[in-house]
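In: test case, fold it:
(one chain, ligands or ions: 1)
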Amino acid sequence: MPVRLLTLNNPVNSSIKSPWLNTVTKIMAENPSDSVEDKLRLLSQRFSHRTARELDDLRHKIGQSDEQHGDWELLEYLHQVLHRLTGSAGTFGLQQFSHQSRTLEQLVKGLLQQPHNKGDKWPAIYSELQHRILPELKDLDRLLGDSAPKSAAISERQNHDNEDALLVLVEHQGAFYTSLQEELKHYGFALMSVASCAEFSQKLSRIPTSVIMIAHVSQAQACIEIRRLLQQQTPQRSISIVCFGSCPEFDSRYKIAALGIDGLFSEATNATEVAEYLQRLQTERLEASGGKVLIVDDDVDLLEHYRLTLTAAGMTVKTLGTPEAIFSVLSEFKPDILLLDVHMGAYSGPTLARMIRFQPQWLSLPIIYLSAEQDKSEQLKALADGADEFISKPISDSELKETVRTRCFRARQLANLLARDSLTGLLKHSLIKQEMANEYARCRRVGEQAAVVMLDLDHFKRVNDDYGHGTGDTVIKALANLLTHRLRKTDKIGRYGGEEFAIVMPQCDLTQAEQILEQIRLHFSGLVFQSGRNEFHVTLSAGIALLNDYEDPESALEAADQALYQRKQLGRNGVSLALAGAAKGEQQ
Ligand SMILES: Nc1nc2c(ncn2[C@@H]2O[C@H](COP(=O)(O)OP(=O)(O)OP(=O)(O)O)[C@@H](O)[C@H]2O)c(=O)[nH]1
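Out: Below is the predicted model of the structure:
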């Protein structure tokens, strides 16, 4: 899950060697109690001061240039600086500056297109530099002003808790309500039942940021009112309202939709279907709120600005000022999207994009260029090299947040579709094995421990035989939900086979893993499943091994499987450990 708190004493990125960045980082670290707004304001002031020095330096260089000898390098440099400033100034609230800098950039671009080998062109260019560009640069300096530019950032700092959404059930008479309440217990949701909306409104201060209210349609208006109240208190709260009840007429359904509720079920709907819908809703909302973004840009203060803005909006952000470390960061961080600058000193964004696409694992990574390039044909050329979209700098903070949030959400949806098992929503076989290999490599590198678990339903064939395949599916889904809710977000859970599950638990030793699995086993064995008039229980068995006790991840998995087999032999409904010497066949 995304890190919600800003850790401003973190260095932005160790691969960035700029003294300027060191200063920024130091300033950020010195004032850990400052608000994000303060830090952004500080960053903007620094940008103004640094830009003033840069303009001064440019003017000095132009002043020193020689009428007789064409200095095309100077012109090239001037273009690069103006291009970069055009892109970054807008982000720091200097719109007018950005606008004028762009005009000047275009002018210099035109001059650069003159044939360089024709010495007779230079005197005219020299004259442009001295009589037009120099005064314009002075003018740009004036536009920097003294006061700190305003940043549109972060009044809406989001505080998405790591916890899942709370389901609030507004009680109601009737069979549908009773069976829904029963069904939801299998899904491991955090549930709160209230007798009425009025009772709920008295508990508002104690509820988390994310809420799904479920109520009869007769309560729809009251729910909307509560949502209004809640969002008045905390605007970033996310509250969905799902109603059930009979609304057969077009007009009445239309009225309900116009109120602004998010879902409607008839009382004839199967409770399992509703529970699954809620599960999906919850997952989507959690995914919509976060997102992992990697940004590569050589403008370090702009990079820091983006990082602050997106982190404060609930995203997890990594930044790189130079691209050399990009592959190791991609592998370690696994971003949902990559924002890439087009011109980065010696490096070109499009070439990097092409290089990234060399590796099949990054073929589907959305790459978005962030650039001050406005020329459509240049943009298209850059896109042809493997990126998906172009965002023109300057981009406002709100635009940046919305763009990145939407792209992250879509990328996650797509990745989920590809990676997740359709019945349970857990990782597919190949993906959980991949996660295991990644975790194994990480443990070796950092010297940490991780547990690997194989878990299997007991006598599941009988469940299918006695109650039918559909009921069997419900049991599998109930276990998947329980695992999702009981395990940490950092744990990886996969459906390994039919009724067999594999789990990777980072930073976890055998004893801790055993305790957690034992609790899950106990909880699961207490669930009451229904099939018609029949009620029944199902149990599970698990085997656990320490991932890094083995020569490779496959051997660790094999050891966990052996421990599971042993548990089955010992009578099922329990948890067995593979000891360190398990490779030699000693199990407990
Ligand atoms: N409903 C349902 N059943 C499944 C699914 N995948 C596998 N199964 C069933 O799971 C059962 C597994 O049976 P077995 O491997 O004999 O194991 P078991 O009956 O659980 O016995 P033990 O593992 O020894 O406790 C088979 O009947 C499979 O048809 C699924 O997606 N849905």
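
In: tell me the SS of residue 243?
Out: What DSSP: H, G, I helix; E, B strand; the rest coil gives for residue 243 is strand.

In: and residue 583, what's its pLDDT?
Out: What the model reports as pLDDT for residue 583 is 46.

In: let me fix that: residue 115
Out: 74.

In: show me the contacts for the residue nearest to it when sequence neighbours are not counted.
Out: What sits nearest to residue 115 in space, not counting adjacent residues and going by Cβ to Cβ, 6 or more residues apart in numbering, is residue 121, at 6.7 Å. C-beta here means a position set from N, CA and C on the backbone, and glycine is covered the same way. Counting by Cβ atoms under 8 Å, 6 or more residues apart in numbering, residue 121 touches 70, 114, 115.

In: how about residue 271?
Out: Contacts for residue 271 (Cβ under 8 Å, 6+ apart) come out as 176, 179, 180, 182, 183.

In: repeat that for residue 530.
Out: By Cβ under 8 Å, 6+ apart, the residues touching residue 530 are residue 182.

In: what comes up buried for stretch 38-51?
Out: 39, 40, 41, 42, 43, 44, 45, 46, 47, 48, 51 (16 or more other Cβ atoms under 10 Å).

In: stretch 382-390 now?
Out: Quick answer for stretch 382-390 (16+ other Cβ under 10 Å): 382, 383, 385, 386, 387, 388, 390.

In: rewinding a little: which of the contacts of residue 271 count as buried?
Out: Listed as buried from the contacts of residue 271 are 176, 179, 180, 183; burial here means 16+ other Cβ under 10 Å.

In: tell me the one among these nearest to the ligand.
Out: Set against the ligand, the nearest of the buried ones among the contacts of residue 271 by Cβ to the nearest ligand atom is residue 183 (17.2 Å).

In: ok, now how distant is the nearest residue to the closest one once chain neighbours are set aside from residue 375?
Out: Nearest non-adjacent residue to residue 183, counting by Cβ to Cβ, 6+ apart: residue 271, 4.0 Å away. Remark: distance between residue 271 and residue 375 (Cβ to Cβ, to the nearest Å) = 58 Å.

In: likewise for residue 479?
Out: Separation of residue 479 from residue 375 (Cβ to Cβ): 56 Å.

In: the more surrounded of these two?
Out: Neighbour count, other Cβ atoms under 10 Å: between residue 479 and residue 375, residue 479 has more, with 24 against 11.

In: near the ligand, which residues of the stretch 451-588 of the chain show up?
Out: Neighbours of the ligand within the stretch 451-588 of the chain, by Cβ under 6 Å from any ligand atom: 456-461, 464, 469, 472-473, 476, 498-499, 568, 572.

In: now rank the residues you listed by neighbours and give me the top one.
Out: residue 472 (23 neighbours).

In: send me stretch 473-493 as PDB with only the CA atoms.
Out: Only the C-alpha atoms of stretch 473-493 are listed here, as PDB (Å, rounded to 0.1, in the frame of the first residue of the first chain):
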ATOM      1  CA  ASP A 473     -17.000 -22.200  -5.200                       C
ATOM      2  CA  THR A 474     -18.500 -20.200  -2.400                       C
ATOM      3  CA  VAL A 475     -16.300 -21.900   0.100                       C
ATOM      4  CA  ILE A 476     -13.200 -21.200  -2.000                       C
ATOM      5  CA  LYS A 477     -14.100 -17.600  -2.300                       C
ATOM      6  CA  ALA A 478     -14.800 -17.300   1.400                       C
ATOM      7  CA  LEU A 479     -11.400 -18.600   2.200                       C
ATOM      8  CA  ALA A 480      -9.800 -16.200  -0.400                       C
ATOM      9  CA  ASN A 481     -11.600 -13.300   1.300                       C
ATOM     10  CA  LEU A 482     -10.600 -14.300   4.700                       C
ATOM     11  CA  LEU A 483      -6.900 -14.600   3.700                       C
ATOM     12  CA  THR A 484      -7.100 -11.200   1.900                       C
ATOM     13  CA  HIS A 485      -8.500  -9.500   5.000                       C
ATOM     14  CA  ARG A 486      -6.500 -11.300   7.700                       C
ATOM     15  CA  LEU A 487      -3.100 -11.100   6.100                       C
ATOM     16  CA  ARG A 488      -1.000  -7.900   5.700                       C
ATOM     17  CA  LYS A 489      -1.100  -5.900   2.500                       C
ATOM     18  CA  THR A 490       2.500  -6.800   1.900                       C
ATOM     19  CA  ASP A 491       1.800 -10.500   2.000                       C
ATOM     20  CA  LYS A 492       1.200 -12.100  -1.400                       C
ATOM     21  CA  ILE A 493      -1.600 -14.600  -1.800                       C
END
